[in-house]
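Undergrad: coords below, sequence missing:
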């Protein structure tokens, strides 16, 4: 989900693939701007430092001069045509598209499902994101990019289901 950070899950044939160590899908820590901001993981320019709701909130608060402004306020300002908001939004979309194209190059998904707080912006997010991904693909097949049906709750429910899956494989019945 696109929220405070950015995370993901890899679904294959109806099951979540957690990876060898349970970290599969940590797309937020793909470096998309090597000279970008420091990340809590120790790298620089991770996707979540540039395109998460928290990153958009920081950038919009700085650009607008309003320390209480958040990502939802930025999305509303984008819809109203505010040039500063559009620049902040475009930077986040550009970074997100770079990360998603890296993921689709590695995984070849048919669909990218995006949830979390930032996805609540609807087509203000999805229309430019689809265009930015389409601009970047070369040999890759363009996936469907759709909002999570469960909206902002998708990440929490997915985490719970992953825990259930992991526990059910550990416990033989």
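TA: Thanks, I have the structure now. All figures in this text were calculated on a predicted structure; none of them were measured in a lab.

Undergrad: Would you state the strands of this protein in chain order?
TA: 10-12, 15-17, 111-114, 144-147 (DSSP state E).

Undergrad: how deep is residue 134 tucked in, by neighbour count?
TA: 12 (other C-beta atoms under 10 Å). Quick note: C-beta positions are derived from backbone N, CA and C, even for glycine.

Undergrad: Could you give the number of residues near residue 4?
TA: Residue 4: 17 neighbours (other C-beta under 10 Å).

Undergrad: which residues of the chain fall in helices?
TA: Remark: helices assigned in the chain by DSSP state H are 47-51, 53-64, 71-79, 83-107, 123-136, 154-170.

Undergrad: In CSV, list those helices along with mean pLDDT.
TA: Formatted as CSV, these follow (pLDDT from 0 to 100):
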stretch, mean pLDDT
helix 47-51, 97
helix 53-64, 97
helix 71-79, 97
helix 83-107, 97
helix 123-136, 97
helix 154-170, 71
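
Undergrad: for those, which one ends up most surrounded?
TA: Stretch with highest mean neighbour count among the helices of the chain: helix 47-51 (a mean of 27; mean count of other C-beta atoms under 10 Å).

Undergrad: Just give the number of residues close to the closest residue to residue 41 other than its chain neighbours.
TA: What sits nearest to residue 41 in space, not counting adjacent residues and going by C-beta to C-beta, 6 or more residues apart in numbering, is residue 29, at 5.2 Å. Number of residues near residue 29 (other C-beta under 10 Å) recorded here: 19.

Undergrad: And for residue 66?
TA: Neighbours of residue 66 (other C-beta under 10 Å): 11.

Undergrad: Now it. Nearest residue, chain neighbours left out?
TA: residue 73 (7.6 Å).

Undergrad: was I right about the one you found contacting residue 60?
TA: Yes: counting by C-beta atoms under 8 Å, residue 60 is a contact partner of residue 73 at 6.4 Å.
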